[in-house]
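Visitor: Only the shape, not the letters, is given here:
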Ligand code: SF4
Ligand code: SF4
C-alpha cells in the first residue's frame with residue numbers, strides 16, 4: 001500500500017493512461033459490484049484520511065442548496081453572509097466553496113473546521129465505497145483522483161490485480 005503523497009502523484013500521473021484503459025476494461029468485462037466494493041472497502045479501511053487530507057487541498061467542493069443552509073447554520077451566520085464570504089461560482093461546477101492557496105478554506109492543518117456539517121461530496125470522497133450508482137458508473141473520475149488520493153490509487157491497483165488486467169499493452 002502506497003500512502004506517500006509525492007509517490008502517489010508521480011505514480012498516478014505515470015499510470016494515467018493505464019488507469020483510463022482499466023476503466024474501459026471494467027466496462028467491457030463484467031465484474032460483480034460486491035467484489036469491487038469489498039476491495040474498495042478494504043483499502044479505505046486501511047488508510048487514515050486524517051494523516052492525508054489531500055483531497056481538501058486539491059479538489060473543489062460543489063455545494064447543494066441544503067448544504068449552504070446547514071453550513072451557514074453551523075458557522076452561525078446568515079445564508080446571504082455565507083454565500084458572500086465562503087462561496088463562489090465556478091463556470092464548470094456551479095456553486096463551490098471558496099479556496100485559499102492551501103486548499104479548502106475550512107481546512108485547518110489536516111482537520112476540517114466544519115466536519116460535522118461537511119458537504120456530502122466530502123463525506124463520500126473519493127466516491128469509491130460511497131456515492132450514487134455503481135462503482136463502475138463512478139469510474140470516470142478515478143484515473144484523475146488516483147494522481148492525488150491514496151485510496152483511489154491503491155484501489156485501482158487492487159482492481160487491476162483482482163481482475164487480471166494487463167498493465168502493459
Ligand atoms: S479521501 Fe483520499 S485524498 Fe482524501 S484524505 Fe482520504 S486518502 Fe487522502
Ligand atoms: S469542507 Fe472540510 S472535508 Fe470538505 S474539503 Fe473543506 S476541509 Fe475538507
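Guide: Cool, the structure landed. Remember, predicted model here, so these are calculated numbers, not experimental data. Numbers count the residues shown, from 1 in each chain. Ligands and ions are numbered 1, 2, ... in the order given.

Visitor: Could you use CA atoms for every contact and neighbour count after this?
Guide: Noted.

Visitor: Kindly indicate whether the spatially most central residue of the chain is helix, strand or coil.
Guide: Nearest to the mean C-alpha position of the chain, counting by Cα atoms, centre = their mean, stands residue 126 at 2.7 Å. In three-state terms, and counting by DSSP: H, G, I helix; E, B strand; the rest coil, residue 126 is coil.

Visitor: how about it, what does it touch?
Guide: 145, 149, 151, 152 (Cα atoms under 8 Å, 6 or more residues apart in numbering).

Visitor: If I look at it, what pLDDT would I see?
Guide: For residue 126, the pLDDT comes out at 95.

Visitor: Backbone torsions only: list them for it.
Guide: phi -90, psi 20 (degrees, to the nearest 10).

Visitor: Relative to ligand 1, how far out is it?
Guide: 5 Å (Cα to the nearest ligand atom, to the nearest Å).

Visitor: Ok, residue 123 next?
Guide: 9 Å.

Visitor: Touching the helix or strand containing that residue from outside, list them.
Guide: Per DSSP states H and E: residue 123 is located in helix 120-124. By Cα under 8 Å, 6+ apart, the residues outside helix 120-124 that reach it are 61, 62, 127, 130, 131.

Visitor: The third one reaches residue 136, doesn't it?
Guide: Read it as residue 127. No: taking Cα atoms under 8 Å as the definition, residue 127 is not a contact partner of residue 136, at 10.9 Å.

Visitor: If you count surrounding residues, which of the two has more?
Guide: Ranked by neighbour count (other Cα atoms under 10 Å), residue 127 and residue 136 place residue 127 first, with 20 against 16.

Visitor: For the residue in the chain sticking out farthest from the centre, which non-adjacent residue is closest in space?
Guide: Centroid-distance maximum for the chain: residue 78 at 28.8 Å, with Cα atoms, centre = their mean. Computed as Cα to Cα, 6 or more residues apart in numbering, the closest residue to residue 78 that is not its neighbour in sequence is residue 72, at 6.0 Å.

Visitor: Same question for residue 44.
Guide: For residue 44, the closest residue by Cα to Cα, 6+ apart turns out to be residue 151, at 5.8 Å.

Visitor: Now that neighbour: which helix or strand?
Guide: Judged by DSSP H and E, residue 151 forms part of helix 150-163.
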